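> take a look and give me a structure for this.
(chains A and B)
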2 protein chains.
Amino acid sequence: MGGDFAPEAAVKGAILAAQELQNEEQILLIGKEDVIHSLLKEYGYTGKNISVVNASQVIEMGEHPTKALTQKPDSSIAIGYGLLKAQKAVAFCSAGNTGAMLVGAMFSVKAIEGVLRPSIASFVPKLRGGFGVILDVGANADCKPEVLEQFGELGSIYAKYVLDIQNPKVGLMNLGEEEGKGTVNTQAAHQRLKANEIVNFIGNIEGRDLFNDKADVIVCDGYTGNIILKMAESLYDILSEKGIQDSFFDKFNYEAAGGSPILGINGNAVIGHGVSSPRAICNMVLQAQKMAASNISERFKKNYSA
Amino acid sequence: MGGDFAPEAAVKGAILAAQELQNEEQILLIGKEDVIHSLLKEYGYTGKNISVVNASQVIEMGEHPTKALTQKPDSSIAIGYGLLKAQKAVAFCSAGNTGAMLVGAMFSVKAIEGVLRPSIASFVPKLRGGFGVILDVGANADCKPEVLEQFGELGSIYAKYVLDIQNPKVGLMNLGEEEGKGTVNTQAAHQRLKANEIVNFIGNIEGRDLFNDKADVIVCDGYTGNIILKMAESLYDILSEKGIQDSFFDKFNYEAAGGSPILGINGNAVIGHGVSSPRAICNMVLQAQKMAASNISERFKKNYSA
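Next up, the predicted model:
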C-alpha cells in the first residue's frame, strides 16, 4: 500500500516480477485484500506466484514513523516486518514511508548485534558496466569514524555476495586523495579503514571518482550520500527531459535498481522510492530476492558474531 | 607560472582576456620575465594591456603551501598577493597551488575582520540560464553552524553584486526539506539562517535542487561542496567523452567560470583549476575583473564593519 502510486504500481510491479520467479517462489502482497484481489483480476493475473496478506491499515507518506508504527499495527509495513521477523518471508520491501520502513526494521527484526548503525545503501552506475554500492544514503546524517568503518565492512560483504564482486575495493568519499585530507571524522575513519582487516581499503576517493573503477564500495555519511544520490537522480531527469538517451546515464534512473537495501539488520529489507513505478517495484522485488538467495543478512551476522 | 600548463596557458589566456579590456586596464603577468616576454612575442601580442612583473621563484603544484610561501618570497603567488595588499593590483588570480593561493591570502591581505572563515566559492549552472553560487567548496572541510551562516551572507553579497541577482535566494544543502532534517551542524545552521536578517533564506534544499530555481546561493561545508563540484565536473567529462553536447551541460565545464573566488578576504582573489586551459585563464581574469569592478571585497568589509 506504500508509495505515491499505490496500490496500482505495487500490484503491476509484482505481476512483472512474478514472471521472473521459479515455481516455488512466492510474492506476498500485503495490503487491503479486496483492493489487491480486484486489481490482480483487473490486470489479468492468473499465476500461482502471488498471494495476498490482508492489512487493514495504511501508513501514509507524511506520517511520523514511530507514531504511525505504534498506532497502526495492522499496516502493511508493520505486518511485513512481522512476517520477516517470524521468518514467514525471506525479504520485505515497500515503496512506502521511508522513515517507517527504517524504524520498523529497528523495532522488529532489529540491528544485528555488533552493528553500530544499520545503513541504507544505494547503487552507483559504473562506466565499465555494472554497479557499485554507496552507503549511507540517509539513515545516519552524522557518522562517527567507527560507524563509517563499519559501513566499509557492510558494503564489502554486500558487494561480494549480492553484486558478485570479488574482493571489492572500498573507497572513502573525501575532498582529496591524500590521507590527511577531509573532515575530522573522515580523517579518523581513513585510519580505521586502513587498519581494518576485513575490507580492501583503497583510500580516499573524490566526487569525480564515483563512476570510475577506483572503488566498488563508496563509504560516506548519510548526509553526503543522500546529496550525491539525489544529485545523480536529478541529472537523469534533466537528461531525460532534454531527450538525451544513453545506456550509462539510463542507469541513473532509480528504477534500474528499484530500491535501497537496509544493511546490518536481522533480515532482508529494501526501501523503494516514493514515486516507484511498476518497473521499479519489479526490480526492487528481484533485488530483495537476490539478497535472500545470497543469504546476505546471515553473512552480516556471521561477520559480527566472530 | 601556476597550473599544469604554465606558463603557456597563462600567457595565451591573458592575451585572450586582453582583447576584452578597456584601454586603461592592465593585466600584470607575474613570473619569469624572459620566459613570459618570449612567449608574448611568440604568440604575436603587440597590445598595451599586458605588462610583466618578474618573479624568480615558482611554487610547484605538490609543495606544502605554508612552507613554500615562507621559502619562496619571490614566487608569483607571493608577489601577486604583495601587489594585491599594496593595492597595486585590484585582483589576483592563479591556476597554481590551491593551498598556497589560500594560505597566501590569509598571510597577506588576510581575512576581513568579523569573517570567521573565508570561503572558496564556485558556480552552479542553472537550468533557467546563468549561474548560482555554491560555498564552501574546499577551504573548510568541517564548518560550525555560525560559519555556515556566514557563508550565506558572503554568498548573498557576492550573488547580488557580482552575479547581479536581486535579493538572491539562499538555500542550505541538506538531506531533506524539513527544518529538523540533517546533521547536528546543518540543523543549527538552519535556525541561524532563518533568524539572519541579511540573507533571504528559503530553507533546506536537496541534491536534486542544485540546478533548479530554488536557490541562487547554496550553503554547505567545504567537504560537501567539494564532492558536489568534482562530481559535476566528472559528469561534464563523461558527457564530452560520449560526444553528448548540450548548452546546459557545457556550463559544467570548469572553463566557463575559469576559477573559484575566495570570499571574505581583504582583496579580490580567484583560484584556477590546475589543468586550466587558455580559455579558462581568460575567463578567470574576466571574473576577477568583474569582482574588482563591483568592489566586492569592499562590500564584504562594509557588511562586517556595521
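> right, and the helix or strand after the biggest helix by length in chain A?
Longest helix of chain A, by residue count under DSSP state H: helix A:222-241. For helix A:222-241, the following helix or strand on the C-terminal side (DSSP states H and E) is helix A:247-250.
> and the longest helix of chain A, how far out from the chain middle?
16 Å (C-alpha atoms, centre = their mean, to the nearest Å).
> can you list the buried residues in that helix?
A:222-236, A:238-239 (16 or more other C-beta atoms under 10 Å in any protein chain shown). C-betas here are computed from N, CA, C, even on glycine.
> near chain B, from those residues?
For chain B, the contacts drawn from those by C-beta under 8 Å from any C-beta of the partner chain are A:222-224, A:226-235, A:238.
> and residue A:294, what does it touch?
A:161-162 (C-beta atoms under 8 Å, 6 or more residues apart in numbering or on different chains).
> give me the contacts around stretch A:236-250.
Contacts to stretch A:236-250, defined as C-beta under 8 Å, 6+ apart, come from residues A:125, A:127, A:211, A:235, A:252-254, A:256, B:127, B:208, B:211, B:238, B:242, B:244, B:246, B:248.
> could you redo the last one with a cut-off of 6 Å?
Stretch A:236-250 is touched from outside by A:252-253, B:244, with contacts defined as C-beta atoms under 6 Å, 6 or more residues apart in numbering or on different chains.
> ChimeraX command for the buried members of those residues?
Listed next is the ChimeraX selection for buried residues among these, using 16+ other C-beta under 10 Å:
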select /A:252,253
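> adding distance to residue B:204 and pLDDT, write the contacts of stretch A:236-250 out as a markdown table.
Output for those, formatted as a markdown table (distance: C-beta to C-beta, whole Å; pLDDT from 0 to 100):
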| residue | distance to residue B:204 | pLDDT |
| --- | --- | --- |
| A:252 | 23 | 89 |
| A:253 | 25 | 88 |
| B:244 | 31 | 91 |
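> which one of the contacts of stretch A:236-250 is nearest residue B:140?
Comparing these against residue B:140 with C-beta to C-beta picks out residue A:252 as the nearest, at 29.9 Å.
> for residue A:281, see how far away the residue nearest to that closest one when sequence neighbours are not counted is.
Nearest residue to residue A:252, sequence neighbours excluded (C-beta to C-beta, 6 or more residues apart in numbering or on different chains): residue A:236, at 3.7 Å. Distance, residue A:236 to residue A:281, using C-beta to C-beta, to the nearest Å: 18 Å.
> residue ranges for the helices of chain A, please.
In chain A, the helices defined using DSSP H lie at A:8-18, A:33-42, A:65-71, A:76-85, A:98-107, A:145-161, A:184-195, A:222-241, A:247-250, A:278-293, A:296-305.
> pick out the shakiest of the ones you listed, pLDDT-wise.
Per-segment mean pLDDT for those reaches its minimum on helix A:247-250, at a mean of 91.
> buried stuff in that one?
Within helix A:247-250, the residues that count as buried by 16+ other C-beta under 10 Å are residue A:249.
> and it, how far from the chain's centre?
In terms of C-alpha atoms, centre = their mean, the centre of helix A:247-250 is found 20 Å from the chain centre.
> relative to helix B:184-195, how tilted is the longest helix of chain A?
70 degrees (axes from the mean of the first three to the mean of the last three C-alpha atoms, to 10 degrees).
> name the residues of the stretch 151-300 of chain A found near chain B, please.
A:175, A:182-184, A:206-208, A:210, A:223, A:226-227, A:230-231, A:234, A:244 (C-beta under 6 Å from any C-beta of the partner chain).
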